[in-house]
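A.B. asks: Generate coordinates for the sequence data below:
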Amino acid sequence: MSYFDAASAAPLHPVARQALAASLDEGWADPARLYREGRRARLLLDAAREASAEAVGCRPDELVFTASGTRAVHSGIAGLLAGRRRTGRHLIVSSVEHSSVLHAAQACEAGGGTVTRVPVSRAGAVDAGAYEEALRPDTALACLQSANHEVGTVQPVAEVAAVCRAAGVPLLVDAAQSLGWGPVEGDWSALTASAHKWGGPPGVGLLVVRKGVRFAPQGPADERESGRAAGFENIPAIVAAAASLRAVRAEAAEEAVRLRELTERIRARVPELVPDVEVVGDPVRRLPGIVTFSCLYVDGESLLHELDRAGFSVSSGSSCTSSTLTPSHVLTAMGVLSEGNVRVSLPPGTPAEEVDRFLSVLPGAVAGVREKLGAPSAVRPAAHGEQDALVVDALGKLCPLPVIELAKVIGDVPVGATVRVLSDDEAARWDIPAWCQMREQEYVGEEPANRGAAYVVRRLT
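C.D. replies: The predicted structure follows:
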């Protein structure tokens, strides 16, 4: 079995496993106590904090350990907003942030605050100028991920941090996806990360708040971790997280070159092997091990099952999955195809032979799913005198069937005529425009209908 979902959770690094086992014997006691066992635990905790701070590029007393990356995000955003409540309650986030950031933004709105969601390019990147335009006198905080978790696009953190610094607004960076590859550059104010993203054990997060940044911890007071993370520290897991971060950093430069070559191979070969595929994300400014593509006329859940049966564990941002009936917010914000989406995220040490085997299996898996769904093989030219407009009733049909029905009939109208697709599937709102861009047809727009909506497409070729 080939595990290609390291962006969700990286396999436990051997160094983390060794450190975890060793620290179970020494780090079980309360590090706040003065007796021998407590002092041993405190030494381990302090050493892990110093090692982690060195990797982040901050002072040890600026870093605390939390119970998860999500907890670090929620505590960080809540504390920074509370610390600047006299300034205002306006929060800026990008539209492709991790769900933990977006959920915190929703909580801000529910509490009476306001949120600006900055759009991204089709490659998934923000523009620093958009953050500058979003700044207001009552802006308390801005958030930006260092790199996107679904498509691998690296964000211009340093440029955005400079804009925020000039305005006197702190910037919180979600570095969960990138910290294992290197420190986050720029004059940021706060940072969060999660150990399971770089090969550490789950259940360990990092929250860094620079000295001088106003921060007011929320919730009941707690004496541990400078009052910013309540509860007894899981010292064995923390030690393992710090040890694995140091280990992956030592291997990062060499491994990044190798993984980039493998993902470049996937990016280049998938469109050659599989028709009607869109490779998404920035082709240059991206993390080494992530490549994401979307396949037209494919049910994402079925494709993942086919690949799983073939021995490959991959992820999907498709709307057609068992966990959600709405498309990935990242893909929809980018304006790219969401149906049949596959994210391949290679863990360090992935053999090149396994990538080649994946490329040999993928075409058959996609073709099999398309055949089951009755997807069109090609668009036929329109016959002379056929009707000038066509209505496709796709009501009650879920992704990718509305797009499949559209593709089947686009050739039934002459060039310049329109097709109206009636659909009540939420994914159609994003997938039909994406299909038009891929197939060089014109997306006219969305019209109201008695049920769902009518999506109007004009045939250009």
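A.B. asks: and the residue lying closest to residue 262 once chain neighbours are set aside, how many residues sit next to it?
C.D. replies: Distances taken as C-beta to C-beta, 6 or more residues apart in numbering place residue 355 nearest to residue 262, at 4.9 Å, with adjacent residues excluded. For the C-beta atoms, the positions are set from N, CA and C on the backbone; glycine is no exception. Using other C-beta atoms under 10 Å as the criterion, residue 355 is surrounded by 22 other residues.
A.B. asks: Identify the residues contacting residue 355.
C.D. replies: With contacts defined as C-beta atoms under 8 Å, 6 or more residues apart in numbering, the neighbours of residue 355 are 262, 265, 266, 346.
A.B. asks: From the residues you listed, list the buried ones, please.
C.D. replies: A residue is treated as buried here by neighbour count (16 or more other C-beta atoms under 10 Å); on that basis the buried members of the contacts of residue 355 are 262, 265, 266, 346.
A.B. asks: could you dump those residues to CSV with pLDDT, distance to residue 455 and secondary structure?
C.D. replies: Formatted as CSV, the entries for those read as follows, by pLDDT from 0 to 100; distance: C-beta to C-beta, whole Å; DSSP: H, G, I helix; E, B strand; the rest coil:
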residue, pLDDT, distance to residue 455, secondary structure
262, 97, 38, helix
265, 96, 36, helix
266, 97, 31, helix
346, 97, 36, coil
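A.B. asks: Looking at the residues you listed, which is nearest residue 53?
C.D. replies: For the buried ones among the contacts of residue 355, the closest approach to residue 53 (C-beta to C-beta) belongs to residue 346, at 28.5 Å.
A.B. asks: The closest residue in space to that closest one that isn't next to it in sequence: neighbouring residues, count only.
C.D. replies: Closest residue to residue 346 apart from its sequence neighbours, by C-beta to C-beta, 6+ apart: residue 289 at 4.2 Å. Counted with other C-beta under 10 Å, the neighbours of residue 289 add up to 25.
A.B. asks: thinking again about what came up before, chain center to the strand or helix carrying the residue nearest to residue 262: distance?
C.D. replies: Counting by DSSP states H and E, the secondary-structure element that holds residue 355 is helix 352-373. Using C-alpha atoms, centre = their mean, to the nearest Å, the mean C-alpha position of helix 352-373 is found 24 Å from that of the whole chain.
A.B. asks: how about it: buried residues?
C.D. replies: Neighbour-count burial for helix 352-373, with 16+ other C-beta under 10 Å as criterion, is recorded at 354, 355, 358, 359, 361, 362, 365, 366, 367, 369, 370.
A.B. asks: could you give the mean pLDDT of it?
C.D. replies: Across helix 352-373, the average pLDDT comes to 95.
A.B. asks: need the next SSE after it, C-terminal direction.
C.D. replies: In the C-terminal direction, the helix or strand that comes right after helix 352-373 (DSSP H and E) is strand 389-393.
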